[in-house]
Structures are given as C-alpha cells and as structure tokens.
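[1] pasted the sequence and its predicted model underneath.
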Amino acid sequence: MIKHYPYRFKTKDEFIKEFSKQYWRNAYGKSYVSFVKDMDYLFGQIYPFDINLDEYDDFEDYLPNDDQLLCRNRNIIISSKWIICKFMLTINKPLIPDYTSKNKIKRVL
C-alpha cells in the first residue's frame, strides 16, 4: 500500500486563487521567500514528510526539505537549497472511491 502524506504542494490555480495572479509566486504578505519558476514541477506533488503545519509560523518558519525533492531539476549548481514555506502546501486528501464495490457472484459447481 502507498503511504499517505498529509500535505501536497498547491497547484498553480490554487496559488492564483489565494494570492492573485500578480502576487502568487511570492505569496504577497505571507512569507519572505518565493515559489521560483524552477520549482514549477512541484505543483500538485506530494510533500513527502510527516509534519503538522499548525506547528509552523506562516511568515518565518521553513519546512523540512530534502535535496532530492528540491534540487532534481536545477540546470545549474547552486550551493543553497530552495526553501519550502507553509503557504506552498495544502491538505492532501486521501483518494477514497465514492461508489460501492460490486458484489462477486457466488457460483456453485
């Protein structure tokens, strides 16, 4: 079974809806960091850490990250990591079917 993580990165549409078309990359007023263009491949992706966002401050706290997640698609070598902030994530709801499964047919031979 695939592990379910509680959060995922927002999609571009979710960023625009929350922060407006003009300010969605820097979450105007929410953080000191930006969602840079090279991070676009993270849209909608699972954030693979078990954390509780309520324990982090909107404005100042940086979330755990890992080099594989954040440096995978960089074209140049940079010594610093990208920063993940609370505003970049949203709740990752588990996919649960909204239908009842079909009953198997019982056959007698």
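    Right, received. Where do you want to start? Just so it is clear, the model here is predicted, and its values are computed rather than measured.
[2] what residues are up against the closest residue to residue 6 other than its chain neighbours?
    The shortest distance from residue 6 to any non-neighbouring residue, by Cβ to Cβ, 6 or more residues apart in numbering, is to residue 92 (5.9 Å). The C-beta positions use only the backbone N, C-alpha and C, and glycine is treated the same way. For residue 92, the contact set (Cβ atoms under 8 Å, 6 or more residues apart in numbering) comprises 4, 5, 6, 7, 8, 46, 47.
[3] number of nearby residues for residue 34?
    Residue crowding around residue 34 was assessed by other Cβ atoms under 10 Å; the count is 16.
[4] lowest-pLDDT helix or strand in this protein?
    helix 67-71 (a mean of 61; mean pLDDT, DSSP states H and E).
[5] related to what we said a few turns ago, which of the contacts of residue 92 count as buried?
    With neighbours counted by 16 or more other Cβ atoms under 10 Å, the contacts of residue 92 contain buried members at 6, 7, 8, 46, 47.
[6] beta partners for the second one?
    Same thing as residue 7. residue 91 (DSSP bridges).
[7] from what I can see it touches residue 52, true?
    No. Using Cβ atoms under 8 Å, residue 7 is not in contact with residue 52, being 9.5 Å away.
[8] okay but residue 64 is in contact with residue 52, surely?
    No. Proximity of residue 64 to residue 52 does not meet the contact threshold set by Cβ under 8 Å, at 11.7 Å.
[9] which pLDDT value belongs to the residue nearest to residue 6?
    According to the per-residue confidence, residue 92 scores 89 in pLDDT.
[10] and it, how far from residue 30?
    From residue 92 over to residue 30 the distance is 20 Å, taken as Cβ to Cβ, to the nearest Å.
[11] same thing with residue 66?
    Distance from residue 66 to residue 30, counting by Cβ to Cβ: 23 Å.
[12] the more surrounded of these two?
    The neighbour comparison of residue 66 against residue 30 (other Cβ under 10 Å) goes to residue 30, with 16 against 11.
[13] in which helix or strand does the more buried one reside?
    Using DSSP states H and E, residue 30 falls within no helix or strand.
[14] identify the residue spatially nearest to it, adjacent ones excluded.
    Leaving aside its sequence neighbours, residue 30 is closest to residue 87 (4.4 Å, by Cβ to Cβ, 6+ apart).
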